[in-house]
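>>> Generate coordinates for the sequence data below:
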Amino acid sequence: MIVNERSVPLPLLQREALLQRIIKSHSRHKDIEKELINWKTGFAGEKNVDYYLSYLPDEPYRIINDLRLKNKNTFQIDSYILSQMFGLVLEIRNITGTLFFDKNTNGVIRTYKDIEEGIPNPLTQAKRHKRQLMNWKMMHKITSMPIEYLVVFSRNSTILKTNPGNEHIFEHMIYAENLEEKVAQIAAKYQSPILKGKAINKLTDYLLSERIPSYPEILKTYSIPKSDILPGVQCPNCKAIPMIRVSAAWYCSWCRSYSKDAHIQTVRDYFLLMNAPLTVKEFQEFLLIEQRGVAKNLPHSLNLPSTGKKRTTQYFLHPDCILSPLKENARGKRGINE
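I've put the predicted structure just below:
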């Protein structure tokens, strides 16, 4: 069974927010657009594989998505299938065209529309994640068990090639639709359970509890100064920035629409881009609110944890919470996110 649903990757959300808040003529705009497409393509491939993962029987399998752990360095496994007898690391790829796995260089050449380019070898990455997971288990004194690895291609149209005599590498590569059958073949190799009784559930819970959140500093990634970020509340209707605060609503002078909660997405944008706590002053400046009283009261209607009192109050939003839409309390009181 799938024990945790796959979330939209934080870097994807960050790039979406960044594109909304820099001018189109910005020197990094095209780079961000290109990488956003790559992130969306990768996530779509992972969701496609999730469909086939759902066909695996609930017993004896536990499927953990986006398993990010830390040894000396952090590493993230797209999907980890755990059974009582073995573990299986999945490296998921959503790639169009033809991939040639070169035996001599251990590199991969992608050909698409008559254009060749070198790309990272997903097989090498899958092996690396297997080693890192084994080391992590040793460090945490977890019972040793066999760990297998697979590269899963979400598109059946992806063509895989290699040198003559190197075809054995395809034993560790499959198309998503063949996942159920391949897992059954791997399971047939192992007969004796290592995780007995409730041990598999305990290990699953422990793996989930040890996950490390990822919070990339997106402005540093593209060397973009904060001064390049457009402040102001974005209109949910026409996407213009900024809207104007009128009474208890936001007014867009471009499309003349009103919104009572347009500021919520703007607050999310701040945390996605700035990697910093939000003070009342920063709330006022980023949302372009003239009245400090309004800037002071609006955060109280959101479910933002805070520290400090009065002018020293700082609001935070944990990376995991950014992945879920913020909601305003219906009564205007601070409460738990619905």
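
>>> which stretches of this structure aren't confidently modelled?
Applying pLDDT under 70 to the chain flags residues 318-338.

>>> Run through the neighbouring helices and strands of the longest helix belonging to it.
Looking across the chain with DSSP state H, the single longest helix is helix 29-53. In terms of contacts (3 or more C-beta pairs under 8 Å, 6 or more residues apart in numbering; DSSP states H and E), helix 29-53 is packed against helix 10-20, strand 62-70, strand 74-82, strand 87-93, helix 179-187. The way it works is simple: take the backbone N, C-alpha and C, and place the C-beta from them, glycine included.

>>> Next, format the ones you listed as a markdown table and append mean neighbour count.
Shown next, in a markdown table, are these (neighbours: other C-beta atoms under 10 Å):
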| stretch | mean neighbour count |
| --- | --- |
| helix 10-20 | 20 |
| strand 62-70 | 19 |
| strand 74-82 | 20 |
| strand 87-93 | 24 |
| helix 179-187 | 16 |
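
>>> what comes up buried for stretch 147-156?
Going by neighbour count (16 or more other C-beta atoms under 10 Å), the buried part of stretch 147-156 is 147-155.

>>> how about the strands in the stretch 101-250 of the chain?
108-112, 115-119, 147-153, 159-162, 173-175, 244-246, 249-251 (DSSP state E, counting those that start in this stretch).

>>> How are the helices of the stretch 101-250 of the chain distributed by residue range?
Taking DSSP state H, counting those that start in this stretch to define them, one finds helices in the stretch 101-250 of the chain at 122-139, 179-187, 199-209, 218-221.

>>> show me what contacts residue 83?
Under the criterion of C-beta atoms under 8 Å, 6 or more residues apart in numbering, the neighbours of residue 83 are 60-62, 187, 190, 195, 200.

>>> Also residue 247?
Residue 247 neighbours (C-beta under 8 Å, 6+ apart): none.

>>> if we can go back for a sec, nearest to residue 121 among the buried residues of stretch 147-156?
Comparing the buried residues of stretch 147-156 against residue 121 with C-beta to C-beta places residue 151 closest, at 9.2 Å.
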